[in-house]
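In: Predicted model and sequence follow; I will ask about them next.
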Amino acid sequence: MFAAVTDVWRYQFHPEVWFMLAGVISLGWYTSHVIGPKVVSADEVTTPGQRRWFAAAVVLLWLASDWPIHDIAEEYLYWVHMVQHLLITLVIPAMFLLALPEWLARLVFSPDGIAGKWIRRLAHPIVAGVMFNLLIALSHAPIIVNYSVENGPFHYAEHLLIFLAALLMWTPICGPLHELRMKLPMQMIYLFLMSVIPVVPGAWLTFADDAVYKAYDHDVRLWGVSVAHDQQAAGMIMKVVAGTYLWSLIGILFYRWSKPSHGTHRTMRKAPPKAPTKPPAEIS
């Protein structure tokens, strides 16, 4: 038992993760240093904010995909797997979209090309929302989870597919092209719907009596977390943490939407300046 527990923390090198990160960083460097100067001026290639979003997204992608989070999530605790899924669906894709310059997005999403036409169709709020939630629901099916733990290539392909669907889902919210973004009230409704659907599998995990996923029902209990508590923690993370995160974004959007109108109403409530009164004429 002691040997099994200490083996949890043995460093495992994942070359596919470093290959992916090298590809993302190389693609970012190539587009900003080779393609960008040919399309726009050097000052317009990227902004400091976009560079910060890109760096933060790459670091977070590495943390979510590499040792030890990946190994714990895949082999020992499903609630860590849930945290990993939340990062690659609700956080990292939005960060990459915020890092994407508009000129590059117009090249990728160009309506003149076949790829651009399909991306615009798939990024439609209804299509992207339905596709994203359908994939999320399927990714929590026992047969998918158990097989992904046993098959590494399938697991990475599953994560890649969910990540791409998340990019499309976030495009109407924080995509670089304003014509593909919804108006703020519709964005709030859209995020509200995204927060409602995960409640179903979250509740299913929280109130399940037996082990839902056989792949996580083993003798090695990391940190003493039982199978039942592991499933309950995963369900609570899916319902509470993801819901709180999305509702916080809704609150930010509501503040942005109400701030201009609040300022207008406050200006209208100001009393108009009084007209100067003439002194009464003296009676001689």
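Out: That came through, no problem. Residues are numbered from 1 along each chain as shown.
In: Is T89 in a helix, a strand, or coil?
Out: Counting by DSSP: H, G, I helix; E, B strand; the rest coil, the backbone at T89 sits in helix.
In: quick one: least confident helix or strand in the protein?
Out: Lowest by mean pLDDT, DSSP states H and E among the helices and strands of the chain is helix 2-8, with a mean of 50.
In: So which elements touch the following helix or strand past that one?
Out: Later in the chain than helix 2-8, the nearest helix or strand by DSSP states H and E is helix 15-30. Here helix 15-30 touches helix 48-65, going by 3 or more CB pairs under 8 Å, 6 or more residues apart in numbering; DSSP states H and E. (Glycine included, C-beta is placed from N, CA and C.)
In: quick check: angle from the helix it packs on to helix 15-30?
Out: Put simply, helix 48-65 runs at 170 degrees to helix 15-30, going by axes from the mean of the first three to the mean of the last three CA atoms, to 10 degrees.
In: what helices or strands is helix 48-65 leaning on?
Out: So helix 48-65, by 3+ CB pairs under 8 Å, 6+ apart, packs with helix 15-30, helix 92-99.
In: Let me know which of the ones you listed is the nearest to K214.
Out: Each of these has some distance to K214 by CB to CB; the shortest is helix 15-30, at 25.3 Å.
In: Quick one: mean pLDDT for that closest one?
Out: On average, the pLDDT along helix 15-30 is 96.
In: Just the CA coordinates for the helix or strand just after it, please, in CSV.
Out: Using DSSP H and E, the next helix or strand after helix 15-30 towards the C-terminus is helix 36-39. Presented in CSV, the C-alpha positions along helix 36-39 are these (Å, rounded to 0.1, in the frame of the first residue of the first chain):
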residue,chain,number,x,y,z
GLY,A,36,1.1,39.8,-38.6
PRO,A,37,3.6,42.3,-40.0
LYS,A,38,2.4,41.4,-43.5
VAL,A,39,-1.2,42.2,-42.7
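In: average pLDDT for helix 36-39?
Out: 94.
In: what's in contact with it?
Out: Helix 36-39 is contacted from outside by 42, 45-46, 101, 103-104, 107, using CB atoms under 8 Å, 6 or more residues apart in numbering.
In: Pick the one among those residues closest to A157.
Out: Nearest to A157 among those: L104, at 25.8 Å, using CB to CB.
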